[in-house]
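S.K.: everything below, folded, please.
(one chain, ligands or ions: 1)
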Amino acid sequence: MKHIDEYRDLELTKRLARELRDDMSGHEGQLRFMEVCGTHTMAMGRYGIRQMLPPNLELISGPGCPVCVTPVPEVDRALELAMKPGVILASFGDMMQVPGSSLSLGRARARGARAALVYSAWEAVRLAKNHPEDQVVFWGVGFETTSPTVAASLLMARDQGVKNFSVLASHKLLPPALSALLDSDSLDLQGFLLPGHVCAIIGAGVFQPLAGMRRMACVVGGFEPADILGAMLMMVKQCLSKAPKVEIQYQRAVAFGGNPKALAIMNRVFEPVDSLWRGLGLIPKSGLRLRPEFRDFDAADKFGLPPAQTLEAKDPPGCSCGQVLRGLMRPPQCPLFGTACTPDSPVGPCMVSSEGSCAAYYKYERTQ
Ligand code: SF4
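M.R.: Below you'll find the predicted structure:
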């Protein structure tokens with residue numbers, strides 16, 4: 001039996017879907033928004049949000065899955081470390097299956113590489129303490145949501161004198177990527193549904209240039225059906241009134257200025273660096289590296305790894321993840337979707353990740 005709150009949410013969801021249809025029925029053109037976040041993509045599929053939208057309102061997926069945007073050269077760098085004698089590479093589970101140039105971490109592990117699955121950077125620090133004879137490298141993958149906790153773990157390791165712990169930083173920053181996306185493609189886009197959890201850290205204010213100079217409707221949305229539809233309604237109203245701005249629908253978690261404590265710890269340990277993205281190439285100041293004072297904990301420095309952008313590496317043959325991540329292709333349009341590429345046998349990272357667009361479409365929207 002449903003809880004009374006679920007009935008309320010259901011009624012609210014229906015009302016918002018109706019309001020969206022009513023507003024768009026008076027609009028002659030098409031509106032196209034991008035959901036930037038993989039968690040939104042999954043929620044859309046799970047709740048059938050795309051099917052609730054009016055025909056002249058389209059929502060496409062973007063580069064919001066951290067596993068998916070990590071490019072092959074960064075996977076290869078992690079593989080190189082995992083295969084080094086005396087090194088344990090600790091990483092989140094999804095990264096184990098992402099193919100590098102020749103194999104994935106999971107396959108390398110089957111061949112003797114030491115790759116440990118962890119759920120947090122704290123766990124990697126504990127692993128280092130339990131294996132004082134080895135070097136433990138935590139592979140830091142993710143957006144601004146995860147980098148503060150990685151920074152905190154590193155500070156903890158330093159304070160506790162854990163010298164055999166280091167971080168391979170593959171962290172990405174979302175705002176520069178969205179600007180680069182608009183620069184590189186003629187996407188015919190009118191707005192961004194911004195990610196609630198990234199904005200809980202960095203705030204919504206940092207996206208103001210997208211609304212001001214780029215004329216994009218920008219709304220930070222939560223992850224329940226009513227959140228998503230409510231955010232889209234706000235975006236539609238901005239577009240119809242020709243007044244793009246940054247708004248927060250997800251006010252119960254996000255403040256305009258973000259989380260000052262999390263930002264302070266992230267900025268204490270990391271600094272922005274040019275970074276390579278799958279599908280988007282090298283984007284200025286779109287990644288994070290350790291500040292010079294934390295060099296002892298920088299795995300790239302410790303093990304003499306070359307920058308990812310200097311490595312030659314190709315995406316898996318036939319894989320269109322780059323196009324999918326730029327919003328140029330819907331997953332079912334990839335010739336490998338659902339045939340050569342499935343969650344059991346993924347060809348590209350967008351099918352591997354629990355937040356990948358291809359995995360979301362495979363699971364929930366295969367008949368669309
Ligand atoms: Fe890549 Fe598979 Fe998605 Fe095609 S269906 S884009 S091969 S992950």
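S.K.: so where do the strands sit in the stretch 51-200 of the chain?
M.R.: Along the stretch 51-200 of the chain, counting by DSSP state E, counting those that start in this stretch, strands occupy 57-61, 87-91, 115-117, 135-142, 165-171, 191-195.
S.K.: do you know which of those lies nearest the ligand?
M.R.: strand 57-61 (10.8 Å; C-beta to the nearest ligand atom). For every residue, glycine as well, the C-beta is placed using N, CA and C.
S.K.: helices and strands around that closest one, which ones?
M.R.: strand 31-35, helix 225-240 (3 or more C-beta pairs under 8 Å, 6 or more residues apart in numbering; DSSP states H and E).
S.K.: and the residue of the protein nearest the ligand?
M.R.: Closest point on the chain to the ligand, by C-beta to the nearest ligand atom, is Gly348, at 2.7 Å.
S.K.: surely that residue meets Cys319?
M.R.: Yes. Using C-beta atoms under 8 Å, Gly348 is in contact with Cys319, at 3.8 Å.
S.K.: so the two - more neighbours on which side?
M.R.: Per other C-beta atoms under 10 Å, whichever of Gly348 and Cys319 has more neighbours is Gly348, with 27 against 24.
S.K.: who's in contact with the more buried one?
M.R.: 68, 99, 315-316, 319-321, 341, 358 (C-beta atoms under 8 Å, 6 or more residues apart in numbering).
S.K.: quick one: pLDDT of the residue of the chain closest to the ligand?
M.R.: Looking at Gly348, its pLDDT is 93.
S.K.: what about stretch 90-102, near the ligand?
M.R.: No. Judged by C-beta under 6 Å from any ligand atom, stretch 90-102 makes no contact with the ligand; its nearest approach is 9.8 Å.
S.K.: and that stretch, which residues are buried?
M.R.: 90-92, 94-100 (16 or more other C-beta atoms under 10 Å).
S.K.: nearest to Glu224 among these?
M.R.: Asp94 (23.6 Å; C-beta to C-beta).
S.K.: tell me the pLDDT at the closest one?
M.R.: Note for Asp94: predicted pLDDT of 89.
S.K.: near the ligand, which residues of the chain are found?
M.R.: Residues of the chain lying near the ligand (C-beta under 6 Å from any ligand atom): 319-321, 324, 331, 334, 336-337, 341, 347-348, 350-351, 358.
S.K.: most surrounded residue in those?
M.R.: Cys350 (36 neighbours).
S.K.: quick one: contacts for that one?
M.R.: Contacts of Cys350 by C-beta under 8 Å, 6+ apart are 65, 68, 321, 324-325, 331, 356-359.
S.K.: turn the residues you listed into a markdown table, including pLDDT and secondary structure.
M.R.: Formatted as a markdown table, the contacts of Cys350 follow (pLDDT from 0 to 100; DSSP: H, G, I helix; E, B strand; the rest coil):
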| residue | pLDDT | secondary structure |
| --- | --- | --- |
| Cys65 | 91 | coil |
| Cys68 | 94 | helix |
| Cys321 | 95 | helix |
| Val324 | 94 | helix |
| Leu325 | 94 | helix |
| Pro331 | 94 | helix |
| Gly356 | 92 | coil |
| Ser357 | 93 | helix |
| Cys358 | 95 | helix |
| Ala359 | 94 | helix |
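S.K.: let's have those residues in CSV, adding distance to His131.
M.R.: Listed next are the contacts of Cys350 as CSV, based on distance: C-beta to C-beta, whole Å:
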residue, distance to His131
Cys65, 31
Cys68, 31
Cys321, 34
Val324, 38
Leu325, 36
Pro331, 40
Gly356, 32
Ser357, 37
Cys358, 36
Ala359, 33
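S.K.: check contacts around the nearest residue to Cys334 once chain neighbours are set aside.
M.R.: In this structure, Cys334 finds its nearest non-sequential neighbour in Ser320, 4.2 Å apart by C-beta to C-beta, 6 or more residues apart in numbering. Residues counted as contacts of Ser320 (C-beta under 8 Å, 6+ apart) are 329, 333-336, 348.
S.K.: just the pLDDT at the nearest residue to Ala121 once chain neighbours are set aside, thanks.
M.R.: Of all residues not flanking Ala121 in the chain, Ser153 sits nearest, at 3.6 Å (C-beta to C-beta, 6+ apart). For Ser153, the pLDDT comes out at 98.
S.K.: tell me how many other residues surround Ser153.
M.R.: Neighbours of Ser153 (other C-beta under 10 Å): 24.
S.K.: who's in contact with the longest helix along the chain?
M.R.: Ranked by residue count and defined by DSSP state H, the top helix of the chain is helix 4-25. For helix 4-25, contacts defined as C-beta under 8 Å, 6+ apart pick out 2, 31, 52-54, 56-57, 224-226, 229-230, 232-233, 236-237, 240.
S.K.: I'd like the helices and strands packed on strand 57-61 as JSON lines, with mean neighbour count and mean pLDDT appended.
M.R.: JSON lines is the format used below for those (neighbours: other C-beta atoms under 10 Å; pLDDT from 0 to 100):
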{"stretch": "strand 31-35", "mean neighbour count": "24", "mean pLDDT": "96"}
{"stretch": "helix 225-240", "mean neighbour count": "23", "mean pLDDT": "96"}
